[in-house]
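Visitor: what's the 3D shape of this:
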Amino acid sequence: MNRNLKRLIVAVATILMYCNGAMAADAAGAGAKGLESASGAVKGYFDGACKLFYAICAVMALVGAYHCYSKFQSSDPDTSKTIAGWAGGLIFAVIAITVIKNFFAGSI
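Guide: Residues are numbered from 1 along each chain as shown. Below you'll find the predicted structure:
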């Protein structure tokens, strides 16, 4: 993991711990209202984010296809490994997005 990703994870964890403590200190019901508004905001962005990830997968497919085609044209000996890795990664990404979308569909 690179340093910036570690810093981001620590920052998010710190914010979540602070928010958890602040909600516990709130008067009864104030934390629940905050969670409801956050849930509504997430619902609004979730479908758009899924479509964005599908679009990213489509771009990955085009770039990977070009890369595999150029390896095939240059008679590179590891073309089949490249195709298998590219296709496997792309299939995994699409299935992961679909599973996450269906997993959280009931709760979001």
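Visitor: C-alpha from now on. contacts and neighbour counts both.
Guide: Fine.
Visitor: state the distance from G64 to A49.
Guide: According to CA to CA, to the nearest Å, G64 stands 22 Å off from A49.
Visitor: quick one: which of those two has more around it?
Guide: Between G64 and A49, G64 has the larger neighbour count (other CA atoms under 10 Å), namely 18 against 14.
Visitor: the host helix or strand of F46 packs against which elements?
Guide: Applying DSSP states H and E as the criterion places F46 in helix 30-73. Helix 30-73 sits against helix 3-25, helix 79-104, with contacts defined as 3 or more CA pairs under 8 Å, 6 or more residues apart in numbering; DSSP states H and E.
Visitor: and with 7 Å instead?
Guide: When contacts are defined as 3 or more CA pairs under 7 Å, 6 or more residues apart in numbering; DSSP states H and E, helix 30-73 sits against helix 79-104.
Visitor: okay, stretch 58-66 in PDB with CA atoms only?
Guide: The C-alpha trace of stretch 58-66 is given here as PDB (Å, rounded to 0.1, in the frame of the first residue of the first chain):
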ATOM      1  CA  ALA A  58     -15.900  -0.600 -20.400                       C
ATOM      2  CA  VAL A  59     -12.900   1.700 -20.800                       C
ATOM      3  CA  MET A  60     -10.700  -1.000 -19.200                       C
ATOM      4  CA  ALA A  61     -12.100  -3.500 -21.700                       C
ATOM      5  CA  LEU A  62     -11.200  -1.300 -24.700                       C
ATOM      6  CA  VAL A  63      -7.700  -0.500 -23.500                       C
ATOM      7  CA  GLY A  64      -7.100  -4.200 -22.600                       C
ATOM      8  CA  ALA A  65      -8.400  -5.300 -25.900                       C
ATOM      9  CA  TYR A  66      -6.100  -3.000 -27.800                       C
END
